[in-house]
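Engineer: Predicted coordinates and the sequence they were generated for:
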Amino acid sequence: MALERVARDGLVLLGCGKMGSALLAGWLKAGVKPDAVWVLEPNPTDWLIETGVHLNEGLPPAPAVALLAVKPQMMGKALPSLQALGNGTTLFVSIAAGTTIASFEAVLGDSTPIVRTMPNTPAMVGRGITALIGNRHATADDMALARALMAAVGQVVELEREDLIDAVTAVSGSGPAYVFHLIEAMAAAGEAEGLPSDVAMQLARATVCGAGELAYQSPESVAQLRINVTSPGGTTAAALAVLMDPETGFPALLRRAVKAAADRGRELGK
């Protein structure tokens with residue numbers, strides 16, 4: 001089992017904010033023992049202190065994995081603290097958006113096994129999805145370990161090329177914000193039709209959450225689920241005629257939005 005490497009050699013978590021905490025909670029729930037985890041975090045929460053992990057106590061000599069969970073703008077300052085582990089057996093896993101594998105190799109050494117990932121914020125409730133890609137030094141065992149670590153907070157997909165991370169960021173990394181804005185917009189539209197604001201928001205939130213769960217659990221395609229709700233000539237059909245307009249509806253709008261996010265990701269990665 002991939003996580004046996006962690007139990008034997010230990011895991012270092014650099015940064016334990018919201019995403020780092022979600023990952024740590026998932027690992028502990030999956031059976032990783034607190035004494036196998038070393039966390040470097042300058043501003044620990046009460047929850048982190050109470051987990052029983054090694055907190056700001058230095059590093060094990062050759063940990064199985066070092067997971068980099070600091071913000072991209074802090075990476076340059078934080079990463080040198082782990083430089084001594086580079087060019088060895090320690091697998092480095094990054095969840096930092098916009099920071100390329102080549103950037104890590106330049107600091108850690110070009111023989112360092114590195115896996116770059118892009119998770120999303122639903123990981124905080126165990127319903128995330130993470131895409132990952134390894135460098136040429138990441139072995140099959142390394143990739144299995146990275147998948148096991150990220151699977152603790154949701155689904156995992158593996159990419160064939162690193163440049164696809166920008167598209168992943170635009171769809172699933174930034175995607176939760178699109179859904180949250182959909183809820184805002186639905187609630188505002190309900191208010192415009194006369195609903196009290198609190199009722200409109202409750203209806204919008206429950207509808208989006210329920211539809212998402214149905215899409216997650218149903219064996220039917222999302223297209224079929226949409227058809228199931230749509231009676232010919234009915235109210236849903238009237239709304240979808242607007243939303244599915246090829247020029248002004250969701251398809252064109254989301255293509256532009258996702259492209260804008262992907263283009264910005266490419267710019268940040270330069």
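Structural biologist: Happy to help now that I have it.
Engineer: quick check, Val156 in a strand?
Structural biologist: Yes - applying DSSP: H, G, I helix; E, B strand; the rest coil, one finds Val156 inside a strand.
Engineer: can I assume Val12 sits in a strand?
Structural biologist: Yes - counting by three-state DSSP, one finds Val12 located in a strand.
Engineer: Quick one: classify Ala257 as helix, strand or coil.
Structural biologist: Recorded secondary structure, Ala257: helix (three-state DSSP).
Engineer: Give me the buried stretch members for the lowest-mean-pLDDT helix or strand in the chain, please.
Structural biologist: Ranked by mean pLDDT, DSSP states H and E, the weakest helix or strand in the chain is helix 72-78, scoring a mean of 83. Residues Pro72, Met75, Ala78 are the ones in helix 72-78 that count as buried (16 or more other CB atoms under 10 Å). Where C-beta positions appear, they are placed from N, C-alpha and C, glycine not excepted.
Engineer: so what's the second one up against?
Structural biologist: Residues counted as contacts of Met75 (CB atoms under 8 Å, 6 or more residues apart in numbering) are Leu68, Ala96, Thr99.
Engineer: Surely the first one touches Thr90?
Structural biologist: No - assessed by CB atoms under 8 Å, Leu68 is found out of contact with Thr90, at 11.6 Å.
Engineer: mind checking how far stretch 207-225 is from the chain centre?
Structural biologist: Offset of stretch 207-225 from its chain centre (CA atoms, centre = their mean, to the nearest Å): 21 Å.
Engineer: any idea of the mean pLDDT in stretch 99-114?
Structural biologist: Stretch 99-114 carries an average pLDDT of 93.
Engineer: circling back to that earlier point, tell me which entries of the contacts of Met75 lie within strands.
Structural biologist: Judged by DSSP state E, these include Leu68 as members of strands.
Engineer: List just the nearest of the contacts of Met75 to Pro34.
Structural biologist: Ranked by distance to Pro34 (CB to CB), these are led by Leu68 at 20.1 Å.
Engineer: Could you report the pLDDT at that closest one?
Structural biologist: 94.
Engineer: what does Ala62 give?
Structural biologist: 91.
Engineer: Gly58 too?
Structural biologist: The confidence metric pLDDT takes the value 83 at Gly58.
Engineer: Show me the shaky parts of the chain.
Structural biologist: In the predicted model of the chain, residues 1 satisfy pLDDT under 70.
Engineer: Could you pull out the strands in it for me?
Structural biologist: Applying DSSP E to the chain gives strands spanning 11-14, 37-40, 54-55, 65-68, 91-94, 114-118, 128-134, 154-158.
Engineer: Glu191 is nearest to which of those strands?
Structural biologist: strand 128-134 (31.2 Å).
Engineer: and the lengthiest helix in the chain, which residues are buried?
Structural biologist: If you go by DSSP state H, the chain has its longest helix at helix 197-217. Residues of helix 197-217 classed as buried: Ala200, Met201, Ala204 (neighbour count, 16+ other CB under 10 Å).
Engineer: of those, closest to Pro232?
Structural biologist: Lowest distance from Pro232 to those (CB to CB) belongs to Ala204, with 25.5 Å.
Engineer: and this protein, what are its domains?
Structural biologist: For the chain, automatic domain parsing gives the domain ranges 4-165, 175-268.
Engineer: Just to check, Met19 is in contact with Ile95?
Structural biologist: Yes - at 6.1 Å, Met19 counts as touching Ile95 under the criterion of CB under 8 Å.
Engineer: Overlap in contacts, these two.
Structural biologist: Taking CB under 8 Å, 6+ apart as the contact rule, Met19 and Ile95 both touch Ala69, Pro119.
Engineer: contacting residues around stretch 235-252?
Structural biologist: Around stretch 235-252, the neighbours that count as contacts under CB under 8 Å, 6+ apart are Arg226, Val229, Thr230, Ser231.
Engineer: measure the last one to Gly109 for me?
Structural biologist: Between Ser231 and Gly109 the computed distance is 62 Å (CB to CB, to the nearest Å).
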